[in-house]
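In: Give me a 3D structure for the following:
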Amino acid sequence: MKTEFIVYNTNNIKKALEVINDNSKGAVVVLDNKSNLVRVLTDGDIRRALLSGSTLESEIASIEFDNSPITFKLKQ
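Out: Next up, the predicted model:
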């Protein structure tokens, strides 16, 4: 499994920013301690968290997100 896009929800925000900076894609995949997908975290999510009072040392798990994805169906 490629790791240049992966962080864990127990990592801090600084780690996520380092991985985003290294992969140049603006996002990382967040996994839990059992390597289950938790979410995709973007640099915009981090920016909003920092503006809301999180610090670089805050855990990724502390960043709030809307876990109700927008879905659509193609007309057939």
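In: which residue ranges form the strands in the chain?
Out: Using DSSP state E, the strands of the chain run over 6-8, 27-31, 37-42.
In: of those, which approaches residue 21 most closely?
Out: With CB to CB as the criterion, residue 21 lies closest to strand 27-31 of those, at 10.3 Å. (Glycine included, C-beta is placed from N, CA and C.)
In: residue boundaries of the helices in the protein?
Out: 13-23, 43-51 (DSSP state H).
In: Could you export the shortest one as CSV, CA atoms only?
Out: Coordinates of each C-alpha in helix 43-51 appear next as CSV, following Å, rounded to 0.1, in the frame of the first residue of the first chain:
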residue,chain,number,x,y,z
ASP,A,43,-5.9,21.2,3.3
GLY,A,44,-9.1,23.3,3.4
ASP,A,45,-10.4,21.1,6.3
ILE,A,46,-7.2,21.8,8.2
ARG,A,47,-7.4,25.5,7.5
ARG,A,48,-10.9,25.7,8.8
ALA,A,49,-9.9,23.6,11.9
LEU,A,50,-7.0,26.0,12.7
LEU,A,51,-9.2,29.0,12.3
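In: 582 is where my numbering starts, stick with that
Out: Yep, numbering from 582; the last one is helix 624-632 now.
In: on contacts alone, who are the packing partners of it?
Out: helix 594-604 (3 or more CB pairs under 8 Å, 6 or more residues apart in numbering; DSSP states H and E).
In: Could you dump the strands of the chain into JSON lines with mean neighbour count, mean pLDDT and distance to residue 632 added?
Out: Formatted as JSON lines, these follow (neighbours: other CB atoms under 10 Å; pLDDT from 0 to 100; distance: least, CB to CB, whole Å):
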{"stretch": "strand 587-589", "mean neighbour count": "18", "mean pLDDT": "97", "distance to residue 632": "20"}
{"stretch": "strand 608-612", "mean neighbour count": "20", "mean pLDDT": "96", "distance to residue 632": "18"}
{"stretch": "strand 618-623", "mean neighbour count": "16", "mean pLDDT": "94", "distance to residue 632": "14"}
